[in-house]
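Undergrad: Generate a structure from the sequence data that follows.
(one chain, ligands or ions: 1)
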Amino acid sequence: MHRRFVLTVTCPDRIGIVAVTAGFLATHRCSITEAHQHHEGDGFFMRLAFRAEDAAITAAALEAAFAPVAREFAMTARVHDAARRPRVLILVSRFGHCLFDLLHRWRNGQLAVDVVGVLSNHDDMRSFVEWNGLPFHHLPVTAETKATQEAAILRLVEDGQADLVVLARYMQILSPALCAALAGRCINIHHSFLPSFKGAKPYHQAHRRGVKIIGATAHYVTTDLDEGPIIEQDVRRVNHARSADDLVTLGQEVECAVLARAVQWHVDHRVLLNGQQTIVFD
Ligand SMILES: Nc1nc2c(c(=O)[nH]1)N[C@@H](CN(C=O)c1ccc(C(=O)N[C@@H](CCC(=O)O)C(=O)O)cc1)CN2
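TA: Predicted coordinates:
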């Protein structure tokens with residue numbers, strides 16, 4: 001049974017990157033099953049999925065063997081075991097639609113991850129989460145208790161060895177310290193087509209503006225609210241007859257689909273960061 005891996009590479013652009021990488025894989029009896037690359041300015045980005053004949057080889061061993069090439073080409077290179085199930089911690093407040101959708105995809109095997117738990121600043125989702133056989137962590141927060149509450153969040157991330165934190169309509173602004181601790185591994189779903197309508201009540205802002213299209217945006221979380229690198233977006237048409245509450249309801253479907261795609265692409269190592277932007281090899 002061949003073992004399957006993913007190699008991601010970010011480096012300065014130059015001749016020979018693909019050749020040396022493909023050569024390395026061939027030398028190690030690996031065959032490429034999917035290849036993506038992108039040139040952006042002086043940068044080069046690549047994702048290779050491949051299978052290895054040697055059933056005993058590991059991602060760590062391949063990454064170590066590739067290190068001399070990575071050094072020579074100034075690459076940030078990572079080898080991921082495609083069979084490893086990333087560990088995910090989900091954060092939610094009162095709106096459960098994105099949580100329900102993610103856990104549905106987890107239960108039916110579509111989302112091949114291990115959910116280490118669900119955390120909320122409200123108790124609303126406890127019964128649903130525990131019905132799914134998952135740990136529920138109720139961590140209320142006020143302005144006065146924010147530092148203590150966030151320390152508890154970080155402990156859960158570390159104790160759960162979470163590879164990814166998903167803000168599935170978690171309506172608290174994370175501090176710069178927590179953003180730094182979760183840099184590149186925390187995805188938020190914002191319920192507007194960014195950069196329009198940042199903040200807590202985007203559908204009401206959109207309704208006041210009289211938009212004909214609403215949307216949702218999944219992005220990595222940074223200190224600057226709703227400014228993080230965008231992973232995925234989508235929209236749907238609305239019209240004058242829709243109330244603000246209608247927009248809240250109609251938007252939920254878009255939020256679920258956008259967040260699910262963003263999480264799936266992240267755990268499949270299809271998203272590479274390029275400064276404040278992303279490159280998505282979907
Ligand atoms: N550092 C960041 N934290 C969070 C981000 C982010 O981009 N950077 N995204 C939010 C989610 N979000 C919009 O998508 C959002 C959440 C909350 C608020 C807000 O103003 N919250 C108020 C409290 C609201 C309440 O208690 O219901 C606040 O925190 O004072 C705006 C946008 C998640 N965190």
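Undergrad: so what pLDDT did the residue located most distally from the centre of the chain get?
TA: Distance to the chain centre peaks in the chain at Ala241, reaching 34.6 Å (criterion: Cα atoms, centre = their mean). Looking at Ala241, its pLDDT reads 98.
Undergrad: Same question for it, what's its three-state structure.
TA: With DSSP: H, G, I helix; E, B strand; the rest coil as the basis, the three-state label of Ala241 is coil.
Undergrad: For it, give its distance to the ligand.
TA: To the ligand, Ala241 is 26 Å away according to Cβ to the nearest ligand atom, to the nearest Å. Every residue, glycine included, has its C-beta placed from N, CA and C.
Undergrad: And for Ala180?
TA: 10 Å.
Undergrad: and what of Arg94?
TA: From Arg94 to the ligand the distance is 8 Å (Cβ to the nearest ligand atom).
Undergrad: right, and that residue touches His122 too?
TA: Yes. Using Cβ atoms under 8 Å, Arg94 is in contact with His122, at 5.4 Å.
Undergrad: joint contacts of these two?
TA: The overlap between the contact sets of Arg94 and His122 (Cβ atoms under 8 Å, 6 or more residues apart in numbering) is empty.
Undergrad: The chain - how does it break down into domains?
TA: Here the chain is described, according to automatic domain parsing, as comprising the domains 3-81, 87-280.
Undergrad: Deepest-packed of those domains, please.
TA: Neighbour counts (mean count of other Cβ atoms under 10 Å) averaged over each of those peak at domain 87-280, with a mean of 18.
Undergrad: how distant is that one from the center of its chain?
TA: Between the centre of domain 87-280 and the centre of its chain there are 9 Å (Cα atoms, centre = their mean, to the nearest Å).
Undergrad: Next, the distance between the ends of it.
TA: This stretch, domain 87-280, spans 21 Å end to end (Cα to Cα, to the nearest Å).
Undergrad: mean confidence for stretch 256-274?
TA: 98.
Undergrad: likewise stretch 95-114?
TA: Stretch 95-114 comes out with an average pLDDT of 98.
Undergrad: ditto for stretch 40-56
TA: 97.
Undergrad: try stretch 172-184
TA: Mean predicted confidence for stretch 172-184 is 98.
Undergrad: what's the first-to-last distance across that stretch?
TA: Terminal residues of stretch 172-184 are spaced 18 Å apart (Cα to Cα).
Undergrad: And stretch 126-138, by the same measure?
TA: End-to-end for stretch 126-138, by Cα to Cα: 8 Å.
Undergrad: what's the answer for stretch 107-124, then?
TA: 21 Å.
Undergrad: Quick one: check the longest helix along the chain for contact with the ligand.
TA: For the chain, the longest helix by residue count, based on DSSP state H, is helix 244-267. No. Against the ligand, helix 244-267 shows no contacts by Cβ under 6 Å from any ligand atom, the least distance being 9.8 Å.
Undergrad: List the contacts of that helix.
TA: With contacts defined as Cβ under 8 Å, 6+ apart, helix 244-267 is touched by 86, 88, 95, 97-98, 101-102, 105, 111-113, 163-164, 166, 168-169, 187, 189, 191, 203-204, 206-208, 214-218, 231-236, 238, 242, 271, 280, 282.
Undergrad: Cross-check the contact I'm expecting between Val141 and Gln149.
TA: Yes. Counting by Cβ under 8 Å, Val141 touches Gln149, with 4.1 Å between them.
Undergrad: can you list residues touching both of those two?
TA: Asn121.
Undergrad: Please name the residues that touch the residue lying closest to His269 once chain neighbours are set aside.
TA: Once flanking residues are discounted, His269 sits nearest to Val6: 4.6 Å by Cβ to Cβ, 6 or more residues apart in numbering. When contacts are counted by Cβ under 8 Å, 6+ apart, Val6 touches 47-50, 79-80, 82, 268-269.
Undergrad: would CSV of those with secondary structure be doable?
TA: Formatted as CSV, these follow (three-state DSSP):
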residue, secondary structure
Arg47, strand
Leu48, strand
Ala49, strand
Phe50, strand
Val79, strand
His80, strand
Ala82, coil
Asp268, coil
His269, coil
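Undergrad: Just want the phi and psi numbers for Ala143.
TA: The phi and psi values for Ala143, taken as degrees, to the nearest 10, are phi -60, psi -30.
Undergrad: ditto for Ser120
TA: According to degrees, to the nearest 10, Ser120 has phi -150, psi 150.
Undergrad: Thanks a lot, see you next time.
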